[in-house]
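Trainee: Give me a model of this one.
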Amino acid sequence: MTNATLEHQSRPWYQQGWPWLLIALPASAVVGGILTIIIAVHSPNPLVVDDYYKQGLAINQEKHRIAHAAGMQLAALVRSDGKLITARLNALQPVSDSTLTLQIIHATRSELDRTLIMQRNGDHYQAALTDLPAGTWYFNLQDPHQTWELRSRLSVNGPFQTNLTAED
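Mentor: Predicted coordinates:
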């Protein structure tokens, strides 16, 4: 045997690389598991609701509002330029409300949700709106008495335009 081979074999195990490689694999799994538990404990899931029964009852009310909007043949074109959002309504009978409520709901992050009161300005409604972060958003437009509702889903990445309808 050569001197290099004998020298390699005479070194203690902790001075060699292969035992540390074998130790690192299960150790990294343990560290990853601990980090996963920490993240799960400190990050509540906003998609799970506590009052599921009340939310189930609210679905029936939403369906009634959507059916009422469909009966009115109501639709809206909503546009945003990054500073202002406007809504133009189209219906069998003109809508005469002075305000409308627009809910802008992020698909997964409830802290980004917004509720805007849109004011009538001639033949359309408008409100101030800063840019929405890129992502999937749900738009719900309602009259102040909550008798009808229009909806849309849109992937936003800058200024946008979408049609809100009474379809489920």
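
Trainee: any idea how the protein splits into domains?
Mentor: Domain ranges of the chain: 3-42, 72-164, per automatic domain parsing.

Trainee: Return the most buried member of these.
Mentor: domain 72-164 (a mean of 15; mean count of other C-beta atoms under 10 Å). C-beta: built from backbone N, CA, C; applies to glycine.

Trainee: Let me know the average pLDDT across it.
Mentor: Taken as a whole, domain 72-164 has a mean pLDDT of 89.

Trainee: From what I see, Gln73 and Leu89 are in contact.
Mentor: No. In this structure Gln73 lies outside contact range of Leu89 using C-beta atoms under 8 Å: 10.9 Å.

Trainee: would you list every one of the helices in the chain?
Mentor: Assigned by DSSP state H, the helices in the chain fall at 3-10, 17-42, 52-71.

Trainee: Can you add distance to His64 and give the domains of the chain back as JSON lines?
Mentor: Shown next, in JSON lines, are the domains of the chain (distance: least, C-beta to C-beta, whole Å):
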{"stretch": "domain 3-42", "distance to His64": "38"}
{"stretch": "domain 72-164", "distance to His64": "9"}
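
Trainee: intersection of neighbour lists for Gln73 and Leu89?
Mentor: Here Gln73 and Leu89 have no joint contacts, going by C-beta atoms under 8 Å, 6 or more residues apart in numbering.

Trainee: measure the closest residue to Gln93 other than its chain neighbours to Ala91 for me?
Mentor: In space, and not counting its chain neighbours, Gln93 is closest to Met72: 6.5 Å by C-beta to C-beta, 6 or more residues apart in numbering. Distance from Met72 to Ala91, counting by C-beta to C-beta, to the nearest Å: 5 Å.

Trainee: Next: Val156.
Mentor: Val156 is 26 Å from Ala91, by C-beta to C-beta.

Trainee: Kindly report the same for Glu167.
Mentor: 15 Å.

Trainee: Check Leu116 too.
Mentor: Leu116 is 20 Å from Ala91, by C-beta to C-beta.

Trainee: again, but for Asn121
Mentor: Distance from Asn121 to Ala91, by C-beta to C-beta: 18 Å.
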